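A.B. asks: I'll drop the sequence and a predicted model, then ask my questions.
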Amino acid sequence: MAPTKNPREGSKPGIIDEIPKEIAVGLAEAGGLPWLCSLIPGESSLAGQVKFHKALSDATRLKILHLLSAQPLCVCVIKHCLRIADSKLSYHLSILKDAGLAESRQEKNWLIYSLTENGRAVLEQGARARI
């Protein structure tokens, strides 16, 4: 009887054949590549995370969060501290609101901005993780 030929012989090696043995063993024990790939969140979840992280990736928005950490503020006070145009401030505030880090309420002729619980948690976490 002729020896059985390995079906992989002569074919291109798979990803598992090309990675370090300890990683291949760990993956196999955990459920393999399908399990690992299943850990990637769905597009809608990622979109929310992207929005959140983009909101935190701008120095002006971080400054606004720090100002709001002291107390709720009207736009004119934030504008005075940052010395930026109304349109630019409005843009940054809307990004913070969309990301769920700040909120506003109307009080007579003023919009009063404050941190959300998420906004406060982000600043506290940032303070603990200072580099």
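C.D. replies: That came in fine, so what should we check first? Every value quoted in this text rests on a predicted model; they were computed, and no experiment measured them. Numbers count the residues shown, from 1 in each chain.

A.B. asks: grab the nearest non-local neighbour of Ile84.
C.D. replies: Nearest residue to Ile84 in three dimensions, chain neighbours excluded: Thr60, at 6.9 Å (CB to CB, 6 or more residues apart in numbering). Using the backbone N, CA and C atoms, a C-beta is placed for each residue, glycine as well.

A.B. asks: the helix-or-strand element of the chain with minimal mean pLDDT: what's the following helix or strand?
C.D. replies: Sorting the helices and strands of the chain by mean pLDDT, DSSP states H and E puts helix 15-18 at the bottom, at a mean of 68. Counting by DSSP states H and E, the next helix or strand C-terminal to helix 15-18 is helix 21-30.

A.B. asks: still on that earlier bit, check what contacts the helix or strand hosting the residue nearest to Ile84 and list those residues.
C.D. replies: Element membership for Thr60, per DSSP H and E: helix 59-70. For helix 59-70, contacts defined as CB atoms under 8 Å, 6 or more residues apart in numbering pick out 55-56, 73, 77-78, 81-82, 84, 88, 92-93, 95-96, 101-102, 113-115, 119-120, 122-123.

A.B. asks: among those, which are in helices?
C.D. replies: Residues of these located in helices (DSSP state H): 55, 77-78, 81-82, 88, 92-93, 95-96, 119-120, 122-123.
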